[in-house]
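Visitor: With the input below, show me the fold.
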Amino acid sequence: MKLAEETLGRYDALTQELSDPNIFGDQRRYAGVAKEHARMRRGAELSRELLTAVGAERDARELIPQAENAEEREFFAAEARDAEERIEDLSERIRAELIDRDPNDDKDVIIEIRGGAGGDEAALFAGELHDMYTRYADRLGFKHRTLSSSPAEVGGYKEVALEISGDRAYSVFKHEGGTHRVQRVPKTESQGRIHTSTATVAVLPEAEDVEVQISPGDLEVDVYRSSGPGGQSVNTTDSAVRITHKPTGLVVTCQNEKSQLQNKEQAMRILKSRLLEREMRERAEQEGALRQAQVGTGDRSAKVRTYNFPQGRITDHRVGVTSHNLEATLGGELEEFTHALAAKERAEKLAAEAAGTPG
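Guide: Okay, the predicted model is just below:
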């Protein structure tokens, strides 16, 4: 109850602050308040519902002694029980929203997709995963853009980095990390045999400048001429950028933009997110979390999800969910899987809490 009241009080104070025209004179302050306001919105809505349910339960209890007959008493008692159930449910949802949530859930996300085992088929599949995620982002009203890419000659990508921004984007996509396996007959297969190929997906919360500090002396920046599939020149200037972070050995290349400055900015966004993820992984190494555990080896035996084209079936092996609507899923209808994976995460946190271990 106290948490709900404090949450509403803070949310109302932020709302009031945003309504003050003077805040627009300080864009940094405005951005911070607006972000906190957006982050607290769901918790505030749930808190308001909880306080309403508490009032309803109290009113029903007070009316029971005033009932004129047994039927009326039972009616008020049933109202009180219903309100109690709502209070219990809302209290749990508020706790999950405000206390147990992943601190990165509100962030934008960078998704890195790489062709794994399977050569040309792996690259084509990586392209299909890229399209699946952008279509899902479109369905959710999120914005997306390609930060860097290495197209394959046959189509698709050897590797591609995609930025998706929107309300709690990381919370939506964070479970997509891992080895995705595709089973189908390649167009080049003359005997109709089914081949298995893979693509690896890494999901990174986008780092903010305050979270990752990089010394210029730790960077080695190289520029070179951009090239497309088959060595074709994308442009005739040295606009492509390769950044090496010397302390960790991380390397990021970007050549999608025409400007060297823009490519450097894109590369720095990816580098900062990789460094943030690296720091998070080191702090939670026992969980096997994030990029390294997500990607795995990329071989055919390692998998989080299988896309079986001959049977039109997709199976997520982590939650045991199978869909026979392969075409729609690749078209961006990912809700069945993302919702099931989010529910699994919540269940694991509750189980860990009950066992007295960190979630």
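
Visitor: backbone phi and psi for T146, please?
Guide: T146 adopts backbone torsions of phi -80, psi 120, taken as degrees, to the nearest 10.

Visitor: cool, and D82?
Guide: Torsion angles, degrees, to the nearest 10, at D82: phi -60, psi -40.

Visitor: for I214, same thing?
Guide: Main-chain torsions, I214, degrees, to the nearest 10: phi -120, psi 130.

Visitor: residue contacts, E333?
Guide: Shown in contact with E333 (C-beta atoms under 8 Å, 6 or more residues apart in numbering): 136, 139, 325. Backbone N, C-alpha and C define where each C-beta goes, glycine included.

Visitor: got these as JSON lines, with distance to Q66 columns?
Guide: Below are the contacts of E333 laid out as JSON lines (distance: C-beta to C-beta, whole Å):
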{"residue": "Y136", "distance to Q66": "54"}
{"residue": "R139", "distance to Q66": "51"}
{"residue": "N325", "distance to Q66": "55"}
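
Visitor: Sort out which of the residues you listed are in strands and list them.
Guide: If you go by DSSP state E, the contacts of E333 have nothing in strands.

Visitor: Reformat the residues you listed into TSV and put distance to V185 and neighbour count next to each item.
Guide: Below are the contacts of E333 laid out as TSV (distance: C-beta to C-beta, whole Å; neighbours: other C-beta atoms under 10 Å):
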residue	distance to V185	neighbour count
Y136	26	24
R139	29	13
N325	20	13
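
Visitor: Let's see which of these end up in helices.
Guide: Secondary structure assignment by DSSP state H places 136, 139 of these in helices.

Visitor: Identify each buried residue in the helix or strand hosting R39, please.
Guide: Using DSSP states H and E, R39 sits within helix 27-63. Going by neighbour count (16 or more other C-beta atoms under 10 Å), the buried part of helix 27-63 is 30, 33, 36-37, 39-40, 42-44, 46-47, 49-51, 53-54, 56-57, 60, 63.

Visitor: Repeat that for stretch 264-284.
Guide: By neighbour count on 16+ other C-beta under 10 Å, the buried set for stretch 264-284 is 264, 266-278, 280-281.

Visitor: you'd agree V160 is up against I113?
Guide: Yes. Counting by C-beta atoms under 8 Å, V160 does reach I113; the two are 5.2 Å apart.

Visitor: Now for those two: what residues contact both?
Guide: 126, 130.

Visitor: who has more neighbours, these two?
Guide: I113 (27 against 24; other C-beta atoms under 10 Å).

Visitor: mind listing what the strand or helix carrying the more buried one pairs with, with the direction of each?
Guide: In this structure, I113 sits in strand 109-115 according to DSSP H and E. As defined by DSSP bridges, the strand partners of strand 109-115 come to strand 157-165 (antiparallel), strand 195-205 (antiparallel).

Visitor: Out of those, indicate the one that is most buried.
Guide: With neighbours defined as mean count of other C-beta atoms under 10 Å, those peak in mean count at strand 195-205, which reaches a mean of 24.

Visitor: need the next SSE after it, C-terminal direction.
Guide: Next along the chain from strand 195-205, counting by DSSP H and E, comes strand 219-224.

Visitor: For the helix or strand that that following strand is followed by, the averaged confidence score.
Guide: Next helix or strand after strand 219-224 toward the C-terminus (DSSP H and E): strand 240-245. Mean pLDDT, strand 240-245: 91.

Visitor: counting contacts, what elements does strand 240-245 pack onto?
Guide: Helices and strands touching strand 240-245, by 3 or more C-beta pairs under 8 Å, 6 or more residues apart in numbering; DSSP states H and E, are strand 219-224, strand 250-254, helix 260-283.

Visitor: that older thread, reformat the strands paired with strand 109-115 as JSON lines; add distance to D82.
Guide: Converted to JSON lines, the strands paired with strand 109-115 look like this (distance: least, C-beta to C-beta, whole Å):
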{"stretch": "strand 157-165", "distance to D82": "40"}
{"stretch": "strand 195-205", "distance to D82": "39"}
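
Visitor: With distance to D120 and mean pLDDT as added columns, please give these in JSON lines.
Guide: Putting these into JSON lines (distance: least, C-beta to C-beta, whole Å; pLDDT from 0 to 100) gives the following:
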{"stretch": "strand 157-165", "distance to D120": "10", "mean pLDDT": "93"}
{"stretch": "strand 195-205", "distance to D120": "9", "mean pLDDT": "92"}
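
Visitor: following the lowest-mean-pLDDT helix or strand in the chain, which helix or strand comes up?
Guide: Taking mean pLDDT, DSSP states H and E as the measure, the helix or strand of the chain with the lowest value is helix 290-295, at a mean of 51. Toward the C-terminus, helix 290-295 is succeeded by strand 305-308 as the next helix or strand (DSSP H and E).

Visitor: Please report how far the nearest residue to F309 once chain neighbours are set aside lies from G9.
Guide: Nearest non-adjacent residue to F309, counting by C-beta to C-beta, 6 or more residues apart in numbering: R184, 3.5 Å away. Applying C-beta to C-beta, to the nearest Å, the value for R184 to G9 is 56 Å.
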